[in-house]
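Enquirer: model this:
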Amino acid sequence: METALNFEKVWQLFQETDRKFQKTDREFQEMQQAWERRAQETDRMFRETDRKFQETDRKFQETQRALDRKFQETDRKFQESQRALNRRFQETDKKMKALQELFEGQWGKLVESLVEGDLVRLLERRDIRINDTSTRRKGCRDGENYEFDIIAHNGEEIVIVEVKTTLRGGLVEKFIERLQRAKHYLPEYRNHTVFGAVAYLRAEQGSDRQAQNQGLFVIRATGDSAAIVNPVGFEPREFG
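Expert: Just a heads-up that it's a prediction; the model follows:
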């Protein structure tokens, strides 16, 4: 009888232990399922975050490409505008130079006529007798082009006059070089004494003093007359 009671107690204990084990196993499975759900949710959130990041990166790259295209387009338009402005500036500069050349050319002709009309009288006052004058003497000798505005001559001497609306230092130097070659360009005057003169309306940067220091007659046109402005006693330089 006592043995039967002990067996029943053992069986009850076994059943109780089994119930607890099953409960523990059930709770463990529930916990495992909960962790799996959390892991799946975390993975889903991670994938969603990654997708959003990729979407953001894509939009950023699209925005960057759009900005690059706009910058390139803006730069292209700016360069086109710059080229157009440069062309207009060049055209304007060309027109201004043409107008300046026309203006100086017309004034040069007026100054040339004025100086030629007074030249005989002016040179005679400086003890150089002039028989006649010629203008616009130009040609080419041994491949060298030359042009002289006015040549006054008397059979023994010639005075070559360079006429400029505006006299500049560089023009004086170039004229001196041509004067030194005058007898080569004009062989009919090889036995003549050659003098030089510059005539102008306006002189820049002391070019009139430079011309005088080089031994040239300096003729200034004013109003309707012209005058030699070299001081009394000035000795002109002989060229050639």
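
Enquirer: in what helix or strand does the residue nearest to D142 when sequence neighbours are not counted lie?
Expert: Nearest non-adjacent residue to D142, counting by CB to CB, 6 or more residues apart in numbering: H184, 7.7 Å away. C-betas here are computed from N, CA, C, even on glycine. Per DSSP states H and E: H184 is located in helix 182-185.

Enquirer: Next: R87.
Expert: helix 2-124.

Enquirer: Next up, the contacts around the residue nearest to D142.
Expert: Listed by CB atoms under 8 Å, 6 or more residues apart in numbering, the contact partners of H184 are 141-142, 144.

Enquirer: Mind checking what helix or strand follows the helix holding H184 in sequence?
Expert: Past helix 182-185, the next helix or strand by DSSP H and E is strand 193-203.

Enquirer: counting contacts, what elements does that next one pack onto?
Expert: Contact here means 3 or more CB pairs under 8 Å, 6 or more residues apart in numbering; DSSP states H and E; on that basis strand 193-203 packs against helix 2-124, strand 157-167, helix 169-180, helix 207-213, strand 217-222.

Enquirer: where does it sit relative to the chain's centre, distance-wise?
Expert: Chain-centre distance of strand 193-203: 36 Å, with CA atoms, centre = their mean, to the nearest Å.

Enquirer: Identify each buried residue in it, please.
Expert: Going by neighbour count (16 or more other CB atoms under 10 Å), the buried part of strand 193-203 is 194-201, 203.

Enquirer: Pull the number of nearby residues for F175.
Expert: 23 (other CB atoms under 10 Å).

Enquirer: Ignore what I typed, I meant E157.
Expert: Residues contacting E157 under the criterion other CB under 10 Å number 18.

Enquirer: residues in contact with the closest residue to it other than its chain neighbours?
Expert: Spatially, and ignoring its direct neighbours in sequence, E157 is nearest to T193 (4.5 Å; CB to CB, 6+ apart). If a contact means CB under 8 Å, 6+ apart, then T193 has 156-158, 238 as its contacts.
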